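Student: Everything below, folded, please.
(2 chains)
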Amino acid sequence: MDDDIPGVNDLFDDILEGGAPDSAASESAVEEPQTPTDAEFMGEKGGVVTGRGRMEAAFGSGDGDETATAQVAQVASEATGGTLFLQQYRPWRGELNTRWVRNWAILRYHVYGLFSKGHKPWPMMTKLIIWSVLILSISDLAMLAIGAISGEEMIGRLSGISRGNLYGHVLSFWFRNACTYPIVTALIIGGMISEDRRNGTSALYFSRPINRRDYAAMKFLSVALILTVVVLVTLSVYYLGAILVGGEGWSYVVDTGLLFVGAFAAGVLLVFTYTSIGLALSSVSSGKFFPAVAFIGIILGTKLVAFLISSLFNSSAIYLLSPYDCLAHVGQWMLGLNHTYEHPASWSLVMLLVMNAVSLYVLTARVSSLEVTRE
Amino acid sequence: MYGPHVALDEMSLKINSGATGLLGPNGAGKSTLIKTLLGLIQLTSGDGKVLGYDIRTDGDKIRQLIGYMPEYDCLTLEMDAVHQVKYCGELIGMNTNVAMQRSHEVLEYVGLRDQRYREISTFSTGMMQATKLACAIIHDPDLLICDEPTNGLDSKARGFMLDTLFQIVKQGDRSILMSSHLMEDVERICDRIVMIHKGKLIAQGKIEDLKAIDREIEIWVWGGASKMEDALHKAGLTPRRTGRVMRVVRQDETTYDLVLELAAKTGVQIRRMEDYEPSLEDLFLVIMDRLGYGVKSSADLLKAQAQPRAVAPSPSRVGGEF
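Tutor: As a prediction, the model looks like this:
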């Protein structure tokens, strides 16, 4: 009875007696995968990865792309197409930079987005309009160039450096403050904060070491920098160009330098005011349409209302409600031009300060109440 | 506090390294707790430390060391994934080139290697979640906080997300605090849990320890389930019964013998007898049933008297196998 029961050694008899098993036989037991003719390379574990597998990995899974998931990276799973790659966590222990580098990243993201991919995706229409306005803003320099080339002194004199022309570059109602600067501002500020609120992208900032003051400041600087290029850089280009094209020589700077400084200061005030009002509007809404329309409404609407009321009551004080008119009045005072308003310029300056203070208060209050999640 | 509303109340907790689940029903205060840990909400009273930094004063430093994956959308849909993740790295303070290199690495890690130049608006929900995870881990944080990471995912994408998080803990040796109302997800990744309800801490500790409070024996009987139930009652075991399946609280090792003895006496066949493995959901229910909201640790729970509850049978098990 006991003989019928095989011992442990009996189980290995065929191995011990026959030596190593026939390698060819054992290999034949394991079926080799058939390599299809369209195989392009082998996966990490020798599995076949076909062209189709690669296409699906790159573009999802054909027509049902919207349902594609991140399955291609499963841990060394051998799908029918083969092993694609190993999911491996790679540690990183680099140095993190300071607050100013983080802030610079926010500024760069918004500004570089106008002419470079990989930053803020400004809509194509916005970019086109900004570039168009930028070109339009140096039209006075173009006039000077035409005058110099054609030899027409009249053109050169009309478009040369003067109080009126410097004022006009920054603060003329028609055409710049009716059609270009407010529209550019509206397009920029439209979604600047409101889209962070609506899309939840505020979480990207506030869950990182970005404090709300820095966030608001960098948004402000981003808008202000773009407007500075459109308004002030073009003013500077015009001024320097006029000196060069007009052949007046550098001593002309002594004669007109203060006028330029006055116009530049008025431009700074315009950029600051438009930015603060615009961002305040953006911070109280959750879309890009309302702040843009509201900004144009405030700039042009208050001007129109003030014009109508002042013509009825024969008083210019109502213009104090219009940001543009306050800026224009202060600009006239800075450049020493005849005032077109009856009330003192100091009132307009005070009103500008009040408008900016209120706007900045709204901006900071709204930014500090921004949620870390989508609202 | 959110205005007059008390969001978190008398919460005293310590979260160790490793994977910890933050559990609680919707509105329990999970997200508020996370925001507090991130230093985004000012405490009206109390204090705390995260990774050794004070949550009252060192919010910036804490947020630099933590990766946060929010529950809701936070991506710029018009951007491609690689630049979105790179920007997140820059916001942490990484150099541009380093952030770009790291962005490629983490996108590969989360399974978006070949989709990294695609616009995010064309992504599926799973891919968006993966991008959010990549944004959170770009700087290889010591602590990753995930707020409902499987929200809105189908089973495949959910499985992948959980596998990836599990790998970060096991392979990357990083800590995770994962908030979820899905007990199953937490159970799959975490070894510890913090359970909150209505802004109060109700339990914290190792899942195994907490599960021990609800140790029961599941018995499958044949031929006289009612008689067996009566006998168990008489023996003071207070069984919970659904059909032929009943559960009794395991008092000690002798409970098995007692059950077998009672079965022999009543002439009932016992087809199967095993320790019942409670889920976290069972645990949550037992805490609510037995102790209300005042539990601070598993020790508190163990002190309390166990009460019988209604059986919530697993549909895959009950019926059809006898």
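Student: any idea how far B:Cys190 is from A:Leu86?
Tutor: For B:Cys190, the distance to A:Leu86 equals 25 Å [Cβ to Cβ, to the nearest Å]. Every C-beta, even on glycine, is put in place using the N, C-alpha and C of the backbone.
Student: again, but for B:Ala263
Tutor: 52 Å.
Student: Next: A:Met351.
Tutor: Counting by Cβ to Cβ, the gap from A:Met351 to A:Leu86 is 66 Å.
Student: Which one's more surrounded, the two?
Tutor: A:Met351 (21 against 13; other Cβ atoms under 10 Å in any protein chain shown).
Student: and B:Thr238, what pLDDT?
Tutor: Here the pLDDT value assigned to B:Thr238 is 77.
Student: mind showing which ranges of chain A have poor pLDDT?
Tutor: When residues are selected by pLDDT under 70, those of chain A lie in A:1-85, A:372-375.
Student: At the geometric centre of it, which residue do we find?
Tutor: Residue closest to the average C-alpha location in chain A (Cα atoms, centre = their mean): A:His110, at 2.7 Å.
Student: Not counting residues beside it along the chain, what's closest to that residue?
Tutor: A:Ser222 (3.6 Å; Cβ to Cβ, 6 or more residues apart in numbering or on different chains).
Student: tally of neighbours for that neighbour?
Tutor: A:Ser222 - counted by other Cβ under 10 Å - has 23 other residues nearby.
Student: so it touches A:Tyr215, yeah?
Tutor: No. With contact defined as Cβ atoms under 8 Å, A:Ser222 does not reach A:Tyr215; the gap is 10.8 Å.
Student: what is in contact with these two at once?
Tutor: Counting by Cβ atoms under 8 Å, 6 or more residues apart in numbering or on different chains, the common neighbours of A:Ser222 and A:Tyr215 are A:Ile106.
Student: List the contacts of stretch B:49-62.
Tutor: Against stretch B:49-62 from outside (Cβ under 8 Å, 6+ apart): A:99, A:209, A:211, B:36-40, B:42-43, B:47-48, B:65-66, B:142-143.
Student: how about stretch B:144-154: buried residues?
Tutor: Neighbour counts over stretch B:144-154 (16 or more other Cβ atoms under 10 Å in any protein chain shown) mark B:Leu144, B:Ile145, B:Cys146, B:Asp147, B:Glu148, B:Pro149, B:Thr150, B:Asn151, B:Leu153 as buried.
Student: make that stretch A:303-317, sorry
Tutor: Quick answer for stretch A:303-317 (16+ other Cβ under 10 Å): A:Lys303, A:Ala306, A:Ser310, A:Ser316.
Student: Output that stretch in PDB with nothing but the alpha carbons.
Tutor: Extracted in PDB, the C-alpha atoms of stretch A:303-317 (Å, rounded to 0.1, in the frame of the first residue of the first chain):
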ATOM      1  CA  LYS A 303     -19.200 111.800 -20.600                       C
ATOM      2  CA  LEU A 304     -22.400 111.800 -22.600                       C
ATOM      3  CA  VAL A 305     -24.600 112.400 -19.600                       C
ATOM      4  CA  ALA A 306     -22.400 115.200 -18.300                       C
ATOM      5  CA  PHE A 307     -22.400 116.800 -21.700                       C
ATOM      6  CA  LEU A 308     -26.200 116.700 -21.900                       C
ATOM      7  CA  ILE A 309     -26.800 118.000 -18.300                       C
ATOM      8  CA  SER A 310     -24.200 120.700 -18.600                       C
ATOM      9  CA  SER A 311     -25.700 122.000 -21.700                       C
ATOM     10  CA  LEU A 312     -29.100 122.300 -19.900                       C
ATOM     11  CA  PHE A 313     -27.900 123.900 -16.800                       C
ATOM     12  CA  ASN A 314     -24.900 125.800 -18.100                       C
ATOM     13  CA  SER A 315     -22.500 124.300 -15.500                       C
ATOM     14  CA  SER A 316     -19.400 122.200 -15.900                       C
ATOM     15  CA  ALA A 317     -19.400 120.800 -12.400                       C
END
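Student: Can you tell me what sits against it?
Tutor: With Cβ under 8 Å, 6+ apart, stretch A:303-317 has contacts from A:Phe173, A:Ile318, A:Tyr319, A:Leu321, A:Ser322, A:Tyr324, A:Asp325, A:Tyr341, A:Glu342, A:His343, A:Trp347.
Student: Tell me who's in contact with the fourth one.
Tutor: For A:Leu321, the contacting residues are A:Thr302, A:Val305, A:Ala306, A:Met351, by Cβ under 8 Å, 6+ apart.
Student: The stretch 201-350 of chain A: helices as residue ranges?
Tutor: Assigned by DSSP state H, counting those that start in this stretch, the stretch 201-350 of chain A shows helices spanning A:202-206, A:212-228, A:234-246, A:252-283, A:289-296, A:302-313, A:323-335, A:345-368.
Student: partners of the helix or strand containing B:Gln204 in the sheet?
Tutor: B:Gln204 is part of strand B:200-206, with elements assigned from DSSP states H and E. With DSSP bridges as the test, strand B:200-206 is paired with strand B:192-197 (antiparallel).
Student: Okay, now the unreliable bits of chain B?
Tutor: Ranges of chain B meeting pLDDT under 70: B:1-7, B:9-10, B:213-214, B:280-281, B:286, B:288-322.
Student: can you map out the strands along it?
Tutor: For chain B, applying DSSP state E gives strands covering B:19-23, B:49-50, B:53-54, B:66-69, B:143-147, B:175-180, B:192-197, B:200-206, B:216-222, B:240-242, B:245-249, B:269-276.
Student: what's the angle between the last one and strand B:245-249?
Tutor: Here strand B:269-276 points in a direction 50 degrees away from that of strand B:245-249 (axes from the mean of the first three to the mean of the last three Cα atoms, to 10 degrees).
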